[in-house]
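Enquirer: sequence and predicted structure are below.
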Amino acid sequence: MPLQRRIDRALAATPPGRCVWVALSGGLDSSLLLALTAEACRRHPRPLRALHVHHGLQPAADGFERHCRRLCSRLGVPLFVEGAAVDRAAGQGLEGAAREARYVAFARRVTPGESLWLAQHRDDQAETFLLAALRGSGVRGLAGMAACRDWRDRRLERPLLGVARATLEAEAGRRGLAWVEDPSNDDQSLDRNFLRHGVLPLLASRWPHAGTALSRSAALAGETDALLAELADLDLERLGGDPARLPVAGLEALSGPRRRLLVRHCCARLGLPTPPARRLETLLAQLGAGEDAEVRVAWPGAEARIWRGRLHLLVPPDPLPADWQAQWDGHSPLVTPLGEVRVALGRADGAPARLRVVPRHGGERLRLPGRGRRDLKRLLQELGVPPWVRGRLLVARAGDTPVAVLDPVEEAWLALAEGWISRAAPGGSPRPAGRPLPAPGR
C-alpha cells in the first residue's frame, strides 16, 4: 500500500475532532510521518499537533529542536517542545531511562482522549523482537510494539509499523524532505545500535527477508498475547474482578502459569510495571503465609502486599514528612504533601473549628459517640484499613484532642469524634466520603 494512502486511512479512522499528536524527534521516520499526516489532514481534517521532547543529553539536541521548528513552520503544524529529565541512576540503562522520560513528557502534554502517533517502523520492530528474545522475555515481550493501543486514556498508534526503513528513505528522497541524524545512532555500545548496524545486516546477508520474518513473529506473538489476556480476564472475573485485590485462595487454585499470567495481567491493567521473573516467583511463593503475616514484595515502581487473604497490587505509597503539620478551619481545602483533601468537618454545636492536622504517630485515642474512648490503632484494624494505608493517615486535633482521622489519598474521613460532624466540602461531592464505623462491641 502506498505510504500516503496508509496514513490517509489511519487518519480517516480517527474520530472527527480528536486531536492527533505526532511525536517528532527530527529524524527521518518522524519527519516523514509528520509530512504525510499534514497532507492527509487536507483530505480528512483533524486537529494536528507536533510534540518534540528535548532530552538535553548531547550538544546536538538544540539542533534537533531547530530542525523541528523549521519543519513545522513549513508544514503549518503547531509545535510543542517538552523538556525531559533523564534519570541515569534509575537502573534502566540510558536507553530505558530516556524512553521513560519521553513517556512522562508525552503524558504531560497529550491530554486524555487524544491520539499520539509514533514513527517506529518494521526494522524497529525486528530490533525490539531480538532484544526481547535476548532478555529471555515471554510472549508479551516478544510481541514488541503494538500498532495501536490505549495508554492512560490516550490512544497510541504506530501507522508505519509495517513499513521497512528503506521504503521510508525512498519516500523522503522523492519528496526532498530534510531530516537530522542523531549522532548517538552510530554508537554501537548501545544494544539497539549494535543490532541495527551489526547483527541485522549480517542476518539479511544470509536471509534477505529476515526483517520481515522477525516482524511477523512479533505480530504472531502479539496475537498469542491477546488470547492470553482474554484468558486472564476470565480468571480475573472469576476471582471478583478487582485487579488491585486478588483473593489468595482463588490464586492458589490456578495452575502456576495461569497464576503468573494473572498477576502480570493485573499489573498491566493497573498501569504498574510488570514484576521481574524472580520477584514474581518470590511473591507467589508467599501466598500461603499466615493470616496475620504482612508480606511485602517490591520492584521498581510497584509493590505487592498479602494481607487478610488478599493479594494487593499498588504503587509504593509516598511517606508523609514526620514534622509536617497544617492549621485548618475544617472547611477550606486541606493541602498536604500527598495532595489536596476536599473533605469538611465541623463542630456539632456550630462553633468555629480550629484544627491542627498532623501525621498519625501512634497512641492516639478518639472519643466516639456512644462508645467512649477508643484506641485508634484498634479502631483502624476494626475498619479493615490496611497497614500501608495507616502510615499515610492524618489526625485532626482540636487543641491536643484528636477529633478526626483523614486519608489524604482517598480524600475521605475514616473516623469522627463525639461532638464533630461531616459536612459537604466546597467544590467537593455533596456528601464527603467516609468509612462506616464498626458496630459497638465488634
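Expert: Nice, I can see it.
Enquirer: could you use CA atoms for every contact and neighbour count after this?
Expert: Fine.
Enquirer: tell me which element Gly346 falls in.
Expert: Gly346 belongs to strand 344-347 when assigned by DSSP states H and E.
Enquirer: and that strand, C-alpha only, in CSV?
Expert: C-alpha atoms of strand 344-347 as CSV (Å, rounded to 0.1, in the frame of the first residue of the first chain):
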residue,chain,number,x,y,z
ALA,A,344,-15.1,19.1,55.5
LEU,A,345,-15.5,18.8,59.3
GLY,A,346,-17.3,21.0,61.8
ARG,A,347,-18.3,21.2,65.4
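Enquirer: ok so Ser422 is a strand residue?
Expert: Yes. Assessed with DSSP: H, G, I helix; E, B strand; the rest coil, Ser422 lies in a strand.
Enquirer: what about the nearest residue to Leu239 once chain neighbours are set aside, how many neighbours?
Expert: Excluding the flanking residues, the one nearest Leu239 by Cα to Cα, 6 or more residues apart in numbering is Gly250, at 6.1 Å. For Gly250, the count of nearby residues is 16 (other Cα atoms under 10 Å).
Enquirer: just the element for Gly250, please.
Expert: helix 248-252.
Enquirer: so which elements touch the next helix or strand after that helix?
Expert: Where DSSP H and E defines the elements, the next helix or strand beyond helix 248-252 is helix 256-270. Here helix 256-270 touches helix 210-238, going by 3 or more Cα pairs under 8 Å, 6 or more residues apart in numbering; DSSP states H and E.
Enquirer: quick one: the helix it packs on to helix 256-270, angle?
Expert: Angle, helix 210-238 to helix 256-270, by axes from the mean of the first three to the mean of the last three Cα atoms, to 10 degrees: 90 degrees.
Enquirer: where does helix 210-238 sit relative to the chain's centre, distance-wise?
Expert: Relative to its chain's centre, helix 210-238 lies at 21 Å (Cα atoms, centre = their mean, to the nearest Å).
Enquirer: and it, what's buried?
Expert: 210-212, 214-219, 221-222, 225, 228-229, 231-233, 235-236 (16 or more other Cα atoms under 10 Å).
Enquirer: Ala232 touches Arg260, doesn't it?
Expert: No. The criterion here is Cα atoms under 8 Å, and Ala232 misses it with Arg260 at 9.8 Å.
Enquirer: just the pLDDT for the residue nearest to Asp318 when sequence neighbours are not counted.
Expert: In space, Asp318 comes closest to Leu338 once its chain neighbours are excluded; the distance is 7.3 Å by Cα to Cα, 6+ apart. On pLDDT, Leu338 comes in at 85.
Enquirer: Thr224 too?
Expert: With respect to pLDDT, Thr224 scores 96.
Enquirer: now it: how far from Gly138?
Expert: Note on Thr224: its distance to Gly138, by Cα to Cα, to the nearest Å, is 11 Å.
Enquirer: do Pro112 as well
Expert: 30 Å.
Enquirer: swap in Cys72?
Expert: In terms of Cα to Cα, Cys72 sits 40 Å off from Gly138.
Enquirer: so for these two, which residue has more residues nearby?
Expert: A count of neighbours by other Cα under 10 Å puts Cys72 above the other of Cys72 and Gly138, at 20 against 12.
Enquirer: wait, isn't the more buried one in contact with Arg66?
Expert: No. Taking contacts as Cα under 8 Å, Cys72 lies outside contact range of Arg66: 10.0 Å.
Enquirer: picking that back up, buried stuff in the helix holding Gly250?
Expert: Neighbour-count burial for helix 248-252 flags Val248, Gly250, Leu251 (criterion: 16+ other Cα under 10 Å).
Enquirer: Phe106: which of these is nearest?
Expert: Nearest to Phe106 among these is Leu251, at 35.7 Å by Cα to Cα.
Enquirer: so Val357 sits in a strand?
Expert: Yes. Applying three-state DSSP, one finds Val357 inside a strand.
Enquirer: so what pLDDT did it get?
Expert: According to the prediction, Val357 has pLDDT 93.
Enquirer: beta partners of it?
Expert: Beta bridges link Val357 to Ala326, Ala396 when assigned by DSSP bridges.
Enquirer: isn't Leu262 up against Glu230?
Expert: No. Under the criterion of Cα under 8 Å, Leu262 makes no contact with Glu230, lying 10.4 Å away.
Enquirer: can you pull the contacts of Met145?
Expert: Gln125, Thr128 (Cα atoms under 8 Å, 6 or more residues apart in numbering).
Enquirer: try it again at 7 Å.
Expert: For Met145, the contacting residues are Gln125, by Cα atoms under 7 Å, 6 or more residues apart in numbering.
Enquirer: so how far is Pro386 from it?
Expert: Distance from Met145 to Pro386, by Cα to Cα: 37 Å.
Enquirer: then Val180?
Expert: Where Pro386 is concerned, Val180 sits at a distance of 53 Å (Cα to Cα).
Enquirer: and for His209?
Expert: Relative to Pro386, His209 is positioned 55 Å away (criterion: Cα to Cα).
Enquirer: what do you get for Ile7?
Expert: For Ile7 relative to Pro386 (Cα to Cα), the value is 50 Å.
Enquirer: got it, and Thr336?
Expert: From Thr336 to Pro386 the distance is 21 Å (Cα to Cα).
Enquirer: just the strands in the stretch 301-442 of the chain please.
Expert: With DSSP state E, counting those that start in this stretch, the ranges of strands along the stretch 301-442 of the chain come out as 302-307, 310-314, 326-328, 334-336, 339-341, 344-347, 355-359, 365-368, 372-375, 394-398, 401-407, 412-416, 420-423, 433-434.
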